[in-house]
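Chemist: Mind looking at a prediction? Sequence and model below.
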Amino acid sequence: MEECAPASLPAVIDLWTWWLERPTSEVARLATLLSHDETARALRFVLARDARRYIVARASLRIVLGNRLGVPPDELTFDYNEFGKPHLAPRDSTPTPHFNLSHSGSLAMLAICDRFPLGIDVEETKPLKEDIAGYFFSCRERASLKRLPQSDHLNGFYRCWTRKEAFVKAHGSGLAIALDSFDVSVGPRAALNLGRLNGDASERSHWRLYNIRVPAGFQGALSALSDGAPVRLRYHAWQGEDLSLGNIKGSAAHPGCSDHLPHRNDDSQSVWA
């Protein structure tokens, strides 16, 4: 694993993207990497499609993390906090990275950082069948959503939803945080800071929100407890048959960086690799 960078340097957050629809033979091979409890969960899915996607998502998580730590993916052990957020069980004195996984439809995204907790959420932008915003968004967010042009309303909803979910996942307290107890922006340009967070007013200044690059038809967001530290997003993508045990080894988990592009939400940089 990369050595921890000095706090004055930008913290690198690695963002991995891959598709979950894989050939049956590959799904079977990936399933051998799962733990007993993960296998049991896969068997509980009603739809076979959902079980296959879960297997690919969890096995791929193991492959990336295992390669980062130099540990066989099937030997990783996950612990969970009281609200169900997973983290890697300690192995000797080796530091373990913070990570968070999200998947929607056939897309999965994984965020990893050595320095601070984070959360990621990605959602497929499907038409809404009920007033979810009315149930879960704050008064300020609902008002902001109504001010958007009708043509941008659906995307605005998903921008707000993914930003809120990313923060809740990063915080790690699950349903203990009411979704209407804090404010995020709904426009295309994400505000770095939370607009409001009930409780300790100073706490919200420790959190940052970021847009992330996702395929067409999806919205995504990232949240991190960075305390204002500069952040650089580094993107990695698995394409086609590259999602396999044989092709993720070696330099695949830490590929060379491509051209540096300014991140659209702040003054940090993101890297496609």
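Modeler: Cool, the structure landed.
Chemist: can you dump the C-alpha coordinates of the strand or helix carrying Asn155 into PDB?
Modeler: Using DSSP states H and E, Asn155 falls within helix 153-171. Presented in PDB, the C-alpha positions along helix 153-171 are these (Å, rounded to 0.1, in the frame of the first residue of the first chain):
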ATOM      1  CA  HIS A 153     -35.500  18.300 -12.300                       C
ATOM      2  CA  LEU A 154     -34.700  14.500 -12.500                       C
ATOM      3  CA  ASN A 155     -31.000  15.100 -12.600                       C
ATOM      4  CA  GLY A 156     -31.300  17.600  -9.800                       C
ATOM      5  CA  PHE A 157     -33.100  15.000  -7.700                       C
ATOM      6  CA  TYR A 158     -30.300  12.500  -8.200                       C
ATOM      7  CA  ARG A 159     -27.600  15.000  -7.600                       C
ATOM      8  CA  CYS A 160     -29.200  15.800  -4.300                       C
ATOM      9  CA  TRP A 161     -29.800  12.200  -3.400                       C
ATOM     10  CA  THR A 162     -26.300  10.900  -4.200                       C
ATOM     11  CA  ARG A 163     -24.700  13.800  -2.300                       C
ATOM     12  CA  LYS A 164     -26.900  13.000   0.800                       C
ATOM     13  CA  GLU A 165     -26.200   9.300   0.500                       C
ATOM     14  CA  ALA A 166     -22.500   9.800   0.100                       C
ATOM     15  CA  PHE A 167     -22.400  11.900   3.300                       C
ATOM     16  CA  VAL A 168     -24.400   9.400   5.300                       C
ATOM     17  CA  LYS A 169     -22.200   6.600   4.100                       C
ATOM     18  CA  ALA A 170     -19.000   8.500   4.900                       C
ATOM     19  CA  HIS A 171     -20.300   9.400   8.400                       C
END
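Chemist: got the buried residues for stretch 10-30?
Modeler: 11-20, 22, 26-27, 30 (16 or more other CB atoms under 10 Å). No exception for glycine: its C-beta is placed from N, CA and C like everyone else's.
Chemist: and what of stretch 46-57?
Modeler: For stretch 46-57, by 16+ other CB under 10 Å, it's 51-57.
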